[in-house]
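Novice: Structure of the sequence below:
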Amino acid sequence: MINQDFIRQTTGFYRPPSRVQKIWRLIHTDPPLLVGIILLCCFGLFVLYSASDGDEGVVRRQAMIMLAGLVLMFAVSQFSPHFFRRWAPSLYAAGLALLGLVLFIGVEENGARSWLDLPGLPSFQPSETLKIVVPLLMAWYLASRPLPPRFKHLFWSAMMILIPAALIIIQNDTGTAIMVAMSGIFVVLLAGMRWRMVFAGFFVLLSISPLWYLFLAQAHQKNRILTFFDPYRDPTGAGYNIIQSQIAIGSGGVYGKGYGEGAQSHLDFIPESNTDFILAVLAEEFGLLGVLFLICLYLFVLIRGFYIAYCAKDMFSRLLAGSITLTFFFYVFVNMAMVSGLVPVIGLPLPLISRGGTAILTLFIGFGLLMSIHTHGRKRTN
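Specialist: Model (predicted):
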């Protein structure tokens, strides 16, 4: 293959990196991605202050978590992607062990028993880390095998995805289970899975969904599905959240009511206004323009992530970067669709905007991996 750097040099289009660019590469940081992340964090804190009724303690805690996330992101980016490739099976095994531990000594919060509160450590949610560990393992497994993946490789891939997803479902955390499963599925799709297999898998899932609903779905899961089709069947119960959210979004109009002037959120009509439904607060106070501004920030980060995946120098890095970026997109899409009533409510926060802890740190680990892939990848050509 012809070296692209050689072409740039011989045709006169080559520009050597400036001193500033060399410094950024030396510390393994991607400036465009960093700028997009910081802008999202600042805007998130701005919205969170209003959604929390001016509670400075909530905003201060969120800011400290984001600062810790930036440090963690920088630390992760210092290691080569091949370092994480070597440790992928061990990290997966550790993740499964923590999920198993949750089943015995887990702490229940908001109806999900998915938290660990170990002595001497802050409480954390092990299932969140699987959003990174599962695509890491899938990229490790598929990158060293013939592509597109054969049926036996798809079978074992499905097992590696289903085991952690099933353990998380047992914890009664369906939203996180879906995110973990999708993070692994994205790797399989990017590996070149044949379209006939994709359609066959979709057909199988569609065929067995009625059986799942009739015999396996729990009462609250059935209620969420029925509420999705008709929220007004229980307007003061299961449908209350989505009805109030849609009222807030509609009342915001194009320009919004103004910062801190949202009646639905500040009069406590919107439950979980600073977590899962914070988009409704944003839409009511800043209107359509505020939502479009947030979408533009997300698009900037997503485009940079896809660019990093495109420029990755080896299959493992390409699969991992693509999956992390697609998972981030899926995260944003599902929350926005959920708050708007386009998909059932499954309890997923809005990335870098909603109040959170382990979920935010996991996002920053993913961003650190993207920076590692982009900065270390320049040194390899395999």
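
Novice: Skip the chain neighbours and tell me the closest residue to I65.
Specialist: I360 (5.4 Å; C-beta to C-beta, 6 or more residues apart in numbering). No exception for glycine: its C-beta is placed from N, CA and C like everyone else's.

Novice: helix or strand for the one you found, which one?
Specialist: Per DSSP states H and E, I360 falls inside helix 358-376.

Novice: For that helix, enumerate the helices and strands it packs against.
Specialist: Secondary-structure packing of helix 358-376 (3 or more C-beta pairs under 8 Å, 6 or more residues apart in numbering; DSSP states H and E): helix 31-51, helix 56-77, helix 81-105, helix 126-143, helix 278-311, helix 315-340.

Novice: try 6 Å this time
Specialist: helix 56-77, helix 126-143, helix 278-311, helix 315-340 (3 or more C-beta pairs under 6 Å, 6 or more residues apart in numbering; DSSP states H and E).

Novice: So, low pLDDT: which residues of the stretch 1-150 of the chain?
Specialist: 1-17, 110-111 (pLDDT under 70).

Novice: for L121, what are its contacts?
Specialist: If you count contacts by C-beta atoms under 6 Å, 6 or more residues apart in numbering, L121 has none.

Novice: chain center to the helix holding I360, what's the gap?
Specialist: 11 Å (C-alpha atoms, centre = their mean, to the nearest Å).

Novice: same question, stretch 201-214
Specialist: 25 Å.

Novice: Next: stretch 53-62.
Specialist: Offset of stretch 53-62 from its chain centre (C-alpha atoms, centre = their mean): 23 Å.

Novice: Nearest residue to the middle of this structure?
Specialist: For the chain, F328 is the residue whose C-alpha lies nearest the centre (C-alpha atoms, centre = their mean; 3.9 Å).

Novice: ok, that one to I353 distance?
Specialist: Distance from F328 to I353, counting by C-beta to C-beta, to the nearest Å: 13 Å.

Novice: One more: E128?
Specialist: 16 Å.

Novice: Those two: who's more crowded?
Specialist: I353 (28 against 23; other C-beta atoms under 10 Å).

Novice: tell me the pLDDT at the more buried one?
Specialist: Note on I353: pLDDT of 94.

Novice: Specify the local secondary structure of it.
Specialist: Secondary structure, DSSP: H, G, I helix; E, B strand; the rest coil: I353 is coil.

Novice: in stretch 140-159, what's buried?
Specialist: W140, Y141, L142, A143, P149, H153, L154, S157 (16 or more other C-beta atoms under 10 Å).

Novice: Dump the helix or strand containing I185 to PDB, keeping only the CA atoms.
Specialist: I185 is located in helix 174-190, with elements delineated by DSSP H and E. The C-alpha trace of helix 174-190 is given here as PDB (Å, rounded to 0.1, in the frame of the first residue of the first chain):
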ATOM      1  CA  THR A 174     -32.900  -2.900  31.700                       C
ATOM      2  CA  GLY A 175     -31.600   0.400  30.400                       C
ATOM      3  CA  THR A 176     -27.900  -0.300  31.200                       C
ATOM      4  CA  ALA A 177     -28.300  -3.900  29.900                       C
ATOM      5  CA  ILE A 178     -29.400  -2.600  26.600                       C
ATOM      6  CA  MET A 179     -26.500  -0.200  26.400                       C
ATOM      7  CA  VAL A 180     -24.000  -2.900  27.300                       C
ATOM      8  CA  ALA A 181     -25.500  -5.200  24.700                       C
ATOM      9  CA  MET A 182     -25.500  -2.500  22.000                       C
ATOM     10  CA  SER A 183     -21.900  -1.600  22.700                       C
ATOM     11  CA  GLY A 184     -20.900  -5.100  21.800                       C
ATOM     12  CA  ILE A 185     -23.300  -5.400  18.900                       C
ATOM     13  CA  PHE A 186     -21.800  -2.300  17.300                       C
ATOM     14  CA  VAL A 187     -18.400  -4.000  17.200                       C
ATOM     15  CA  VAL A 188     -19.900  -7.000  15.400                       C
ATOM     16  CA  LEU A 189     -21.600  -4.800  12.900                       C
ATOM     17  CA  LEU A 190     -18.400  -2.800  12.200                       C
END
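
Novice: Find the residue closest to G192 in space, skipping its chain neighbours.
Specialist: Here the residue nearest G192, using C-beta to C-beta, 6+ apart, is P148, at 3.5 Å.

Novice: so that neighbour touches W195, yeah?
Specialist: No. The pair P148 / W195 is not scored as a contact, 10.1 Å apart, by C-beta atoms under 6 Å.

Novice: Look at F83 and say how many residues are nearby.
Specialist: Counted with other C-beta under 10 Å, F83 comes out at 12.

Novice: Contact partners for it?
Specialist: Per C-beta under 6 Å, 6+ apart, neighbours of F83: none.

Novice: Next one: the nearest residue to A359 once chain neighbours are set aside from Q78, what distance?
Specialist: Spatial nearest neighbour of A359, chain neighbours left out: E128 (5.2 Å); criterion: C-beta to C-beta, 6+ apart. From E128 over to Q78 the distance is 22 Å, taken as C-beta to C-beta.

Novice: how about stretch 221-233: buried residues?
Specialist: Q221, N223, R224, L226, T227, F228, P231.

Novice: Check stretch 243-253 too.
Specialist: Buried, per 16+ other C-beta under 10 Å, within stretch 243-253: I243, Q244, S245, Q246, I247, A248, I249, S251, G252.

Novice: quick one: contacts for the residue nearest to A359?
Specialist: E128 touches T358, A359, T362, counting by C-beta under 6 Å, 6+ apart.

Novice: give me that answer again for 8 Å
Specialist: E128 sits next to T176, T358, A359, L361, T362 when contact means C-beta atoms under 8 Å, 6 or more residues apart in numbering.

Novice: out of those residues, which are buried?
Specialist: T176, T358, A359, L361, T362.

Novice: ok, so of those, who is nearest H266?
Specialist: The closest of the buried ones among the contacts of E128 to H266 turns out to be A359 (C-beta to C-beta; 25.0 Å).
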